[in-house]
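**Student:** One predicted model, sequence on top.
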Amino acid sequence: MQVGTVFMSFMGGPPGYRREFGQWINEAEVLLERLSRAGFTFVAFTHSYQSAGSGGIQPLVLLSRLAPISVDLRLATQVLLLPLMNAMDVAYNAVTLDHITEGRLDLGVGLGYHPLELEPFGLSRADRVPKFEESVRLMKEFWKGEPVHFRGRYHNVSGTCLNLSPVQNPHPPLWGSSQSHGASARAGRILDGIVIGPQTTFKDVGGLLGTFRSAWSDNHVEAPERVGAWRVFLLGDSPEDGYRRGVQGGRLTFKRYHEGSMQEELREDTFQDWTISGSYRDCLAGLRRCRDELGLTHVTCQFYNLPESFEERMEWLDGFGSEVIAKL
């Protein structure tokens, strides 16, 4: 099983949030080297236009800056809000990044859901799925390297050709984000893999993966190689201590999810249903559960309540590598 992490978890927010860009980017370079040394195999970069924790700095631009010093890590968008973007532009940028990363790009894509992000692009919630599916079809056409003639509801192309071929064949892997059975089936039908959202319970992850695998088997001969999920990690001396620290840190409100009608109430007595909480030993047990019970090939770790300073976070990261990843 491949283990990755959310880039912003360790960075403590975008530049300007706590420190200036020069210090921030220097710390980012240190982080990538330490992640590779600890045994992580990929890093996930989020996409947002208004979240205080990640909004403002855009993943495709940031990846072009970090790729040359990203060691052997795969670099993943988890996820691009595809309906909010121009599909031709994404196709061109993805191929460019595929070359810059020397074939280490994973392109995670999702619908988007927050009204403050949908409105500026003139989209309703009803537009998201049809524009998403049309965008995927169009991007795949561009990646063939032939002139594209396309007439759709949201895109029209008359002979434009992307002359630069992707490094990865036939294109960078497309991962579909999911917190619903519809999204899981869509990932199995038209994408290359799935990544389940972070606040989904372990039980629901199993159900969503069942839907994905069923749709996949209807459309592919080979078994899926990219079956992933985000998991929330709450660090502490015990699972209960980890949850308590998470609440005290103020990060378990999930305000964005409530505003976007995405998240049911999360209760203290159910936190172990959707988190991996506690010590290194507890983290190891949680990741083994993801591998052995759910059959995940990839886990994206979203760490909450990490130590405050960057130096302390790097020290904790080294311990996670030796006490958790090395023992999986």
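**Tutor:** Great, that's in hand. Numbers count the residues shown, from 1 in each chain.
**Student:** Give the pairing partners of the strand or helix carrying Ile276; include direction for each.
**Tutor:** If you go by DSSP states H and E, Ile276 is part of strand 275-278. When pairing is defined by DSSP bridges, strand 275-278 lines up against strand 227-235 (parallel).
**Student:** For the strand holding Ile276, C-alpha coordinates in PDB please.
**Tutor:** Only the C-alpha atoms of strand 275-278 are listed here, as PDB (Å, rounded to 0.1, in the frame of the first residue of the first chain):
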ATOM      1  CA  THR A 275     -10.500   9.000  12.000                       C
ATOM      2  CA  ILE A 276      -7.200   7.300  12.800                       C
ATOM      3  CA  SER A 277      -6.400   8.700  16.200                       C
ATOM      4  CA  GLY A 278      -3.700   8.400  18.800                       C
END
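**Student:** Any chance you could list what contacts it?
**Tutor:** Outside strand 275-278, the residues that touch it by C-beta atoms under 8 Å, 6 or more residues apart in numbering are 231-243, 246, 271, 282-283, 286-287. C-betas here are computed from N, CA, C, even on glycine.
**Student:** Give me the buried positions along it.
**Tutor:** Thr275, Ile276, Ser277, Gly278 (16 or more other C-beta atoms under 10 Å).
**Student:** Report the beta-bridge partner residues of the third one.
**Tutor:** According to DSSP bridges, the residues that bridge with Ser277 are Leu234.
**Student:** Excluding covalently adjacent residues, which one is nearest to Lys327?
**Tutor:** Leu284 (5.7 Å; C-beta to C-beta, 6 or more residues apart in numbering).
**Student:** That neighbour belongs to a helix, doesn't it?
**Tutor:** Yes - Leu284 forms part of a helix when assessed by DSSP: H, G, I helix; E, B strand; the rest coil.
**Student:** Quick check: it vs Glu323, distance?
**Tutor:** From Leu284 across to Glu323, the span is 7 Å (C-beta to C-beta, to the nearest Å).
**Student:** Of these two, give the one with the bigger neighbour count.
**Tutor:** Relative neighbour count places Leu284 above the other of Leu284 and Glu323, with 18 against 14, counting by other C-beta atoms under 10 Å.
**Student:** Now do the same contact list for that one.
**Tutor:** Glu323, Val324, Lys327, Leu328.
**Student:** quick one: the first one and Leu287 touch, right?
**Tutor:** When you say that, I think you mean Glu323. No - applying C-beta atoms under 8 Å, one finds Glu323 not in contact with Leu287, separated by 11.5 Å.
**Student:** List the contacts of stretch 131-151.
**Tutor:** Here stretch 131-151 has contacts from 82-83, 85, 87-88, 90-92, 94-95, 109, 111, 123, 152-163, 165-166, 170-171, 174, 186, 190-191, using C-beta under 8 Å, 6+ apart.
**Student:** swap the cut-off to 6 Å and go again
**Tutor:** With contact meaning C-beta atoms under 6 Å, 6 or more residues apart in numbering, stretch 131-151 is reached by 82-83, 87, 91, 111, 152, 154-155, 157, 159-162, 165-166, 171, 190.
**Student:** and what of stretch 289-298?
**Tutor:** Applying C-beta under 6 Å, 6+ apart, the set of residues contacting stretch 289-298 is Met1, Gln2, Val205, Gly206, Val227, Gly228, Ala229, Val299.
**Student:** If you count neighbours, what's buried in that stretch?
**Tutor:** Buried-residue list, stretch 289-298, by 16+ other C-beta under 10 Å: Cys290, Leu294, Leu296, Thr297, His298.
**Student:** For it, what does the pLDDT average out to?
**Tutor:** Mean pLDDT, stretch 289-298: 98.
**Student:** Where does the residue most central in space within the chain fall, secondary structure wise?
**Tutor:** The residue lying closest to the centre of the chain (C-alpha atoms, centre = their mean) is Gln78, at 2.2 Å. Using DSSP H and E, Gln78 sits within strand 74-81.
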